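Engineer: Turn this into a model:
(chains A and B)
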Amino acid sequence: MRQSQLFGRTKKEVPRDEESINARFLIRGGFIHKEMAGVYTFLPLGLRTLNKIENIVRDEMNKANAQEVFMPSLHPKANWQKTGRWDSFDVLFRISSQSKSEYALGPTHEEILYPLLTHYIDSYKDLPVALYQIQTKFRDEPRAKSGLLRGREFRMKDLYSFHATSQDRDAYYEVMRKAYENVFQRVGLHAVETKASGGTFSDISLEFQVPNQFGEDTILLCTHCDIAINIEIAKENTCTRCGGSLSRTKAIEVGNIFPLKTKYAQDFHVSFKDKEGKEQLVAAGCYGIGTSRVMGALVEVFHDGRGILWPQAVAPFRVHLMGFPGKEKESEALYVQLQSKGIEVLYDDRQEVAMGEKFADADLLGIPYRLLASEKTLQKNMVEIKKRASQEPEFIPLQRIEEYIH
RNA sequence: CGGGGUGUGGUGUAAUGGUAGCACGCGUCCUUUGGGAGGAUGCAGUUCCAGUUCGAAUCUGGACACCCCGACCA
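Structural biologist: Now for the predicted structure:
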């Protein structure tokens, strides 16, 4: 991508009123644009990163034998009345049409998926089923805050699994738990498995918490074995697994998995015939990851005074090539060469922009490798390459670029 | 939803009752180019509605919006 043609621009000034680091850098870098509190447009740069996160999630869900579907955002009121949540779900957006019909904007999708299943599940032979989607969710948060960390409209992967027995469900729960570990490891986040309250519809839940001072949650983190317990339900002073001491830590919740009780299966009569021909309710589990929140959390964790430091797997591009005045032809050749090798390059081909500004933008955008071919380096048939995370550049031969950045 | 704060060109800001100014960005021209270049010139603004006043960005009331703290958060 040529930066001269990239939609969006960087800003030198910190946006007034934005205190959270992710909002400041993502807005300044032209990744996102705020429409209103908790509602953002993802600009081309930001969408690339969001897509990378979501594709990693997709890959891990597919590997766990889940199938992707796409459910509506507009939900029938009757379904929400059936579960009682039309009245009890406090952050539900309730909207009405010209003809005065009322609808819910989906904050979660049990009210769609359970009724859907009744059409496709009749026998134990139809189970198990694991369906997921990556969707825009709507929650009328009384207080949207902290950039992408708490929005009123946000991206979420939600997966629901259905099984003939709770033992089967519990086994799949462990599969998902492993899949979640993989997702967070691959996007570069250290997410700690944290025991939390299950709420109304589950006995327990497991949250994936990224320790960070700007998180909303407080967890008690075991200093020895890297598990935690949410302070909401903490009764012990020591780790239940290893007896280690617990330290109180702020954290960002990026995922949550929990077995579901039978409430929804009952509400929507999601049942099947077992081997004996007896009618049974399905056993279910629910598994969520806030993908846009993951993006915000990444910035909260990976930044310095100048800007973002994206982990390679989610960076919008792998290489940021700096065009050098007077060396346009050589830079252009490098751009073509890297692209032909399938390397994602953002090429700062802006002619009228001084080098200092290009460097400042490169630091802000946080692409892992900064590449530069100048008079100085070309004389030796070299390019300068600088990792975003390191202070000093290195000089490597032109032919060795590809191996270096892998 | 309770409390606090803030609303001035696209962005960041100054003007506290009397000419709305500056910087960045943007347009045009010229000179520049290894860490946010220089000159010339141009475009662009007081959140909205009432009120007080000869006169309101400034004072009063209300609305709306945004940020922060808290409550809430299947």
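Engineer: ok, now how distant is the spatially most central residue of chain A from A:Val192?
Structural biologist: In chain A, the centroid-proximal residue (CA atoms, centre = their mean) is A:Thr291; its distance is 2.2 Å. For A:Thr291, the distance to A:Val192 equals 19 Å [CB to CB, to the nearest Å]. Bear in mind the C-beta positions are built from the backbone N, C-alpha and C, glycine included.
Engineer: what about stretch A:28-40, start to end distance?
Structural biologist: End-to-end distance for stretch A:28-40, by CA to CA, to the nearest Å: 14 Å.
Engineer: Quick one: low-confidence residue ranges for the stretch 51-200 of chain A.
Structural biologist: Scanning the stretch 51-200 of chain A for pLDDT under 70 picks out A:199-200.
Engineer: ok, which residues in it are in contact with RNA strand B?
Structural biologist: A:85, A:89-91, A:108, A:139, A:141-146, A:150, A:197-200 (CB under 7 Å from any atom of the strand).
Engineer: Can you spell out the domain ranges of chain A, please?
Structural biologist: A:3-217+A:251-301, A:319-404 (automatic domain parsing).
Engineer: gap between the two ends of the shortest one?
Structural biologist: Spelled out, that is domain A:319-404. Terminal-residue distance, domain A:319-404 (CA to CA): 11 Å.
Engineer: can you tell me if it touches RNA strand B.
Structural biologist: Yes: applying CB under 7 Å from any atom of the strand, one finds domain A:319-404 in contact with RNA strand B at A:324-325, A:351-357, A:359-364, A:372, A:374-377, A:384, A:386, A:393.
Engineer: neighbours around A:Ser390, how many?
Structural biologist: 8 (other CB atoms under 10 Å).
Engineer: same check, this time on A:Asn381
Structural biologist: 10.
Engineer: which stretches of the stretch 201-350 of chain A form strands?
Structural biologist: A:204-211, A:217-222, A:227-230, A:246-260, A:271-273, A:279-281, A:283-289, A:319-322, A:345-348 (DSSP state E, counting those that start in this stretch).
Engineer: For those, please prepare TSV with the additional fields distance to A:Leu338 and mean neighbour count.
Structural biologist: As requested, the strands of the stretch 201-350 of chain A are exported to TSV (distance: least, CB to CB, whole Å; neighbours: other CB atoms under 10 Å):
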stretch	distance to A:Leu338	mean neighbour count
strand A:204-211	32	22
strand A:217-222	41	22
strand A:227-230	42	22
strand A:246-260	32	21
strand A:271-273	54	18
strand A:279-281	56	13
strand A:283-289	32	25
strand A:319-322	6	25
strand A:345-348	5	24
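Engineer: can I get the ones you listed in CSV with mean pLDDT?
Structural biologist: As requested, the strands of the stretch 201-350 of chain A are arranged in CSV below (pLDDT from 0 to 100):
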stretch, mean pLDDT
strand A:204-211, 94
strand A:217-222, 93
strand A:227-230, 93
strand A:246-260, 94
strand A:271-273, 98
strand A:279-281, 97
strand A:283-289, 96
strand A:319-322, 98
strand A:345-348, 97
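Engineer: Let me have these in CSV, adding distance to A:Ser166 as columns.
Structural biologist: What follows is the strands of the stretch 201-350 of chain A, written out as CSV (distance: least, CB to CB, whole Å):
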stretch, distance to A:Ser166
strand A:204-211, 13
strand A:217-222, 27
strand A:227-230, 23
strand A:246-260, 7
strand A:271-273, 14
strand A:279-281, 10
strand A:283-289, 4
strand A:319-322, 49
strand A:345-348, 50
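Engineer: of all those strands, which lies closest to A:Arg2?
Structural biologist: The stretch from those with the least distance to A:Arg2 (CB to CB) is strand A:345-348; that distance is 5.3 Å.
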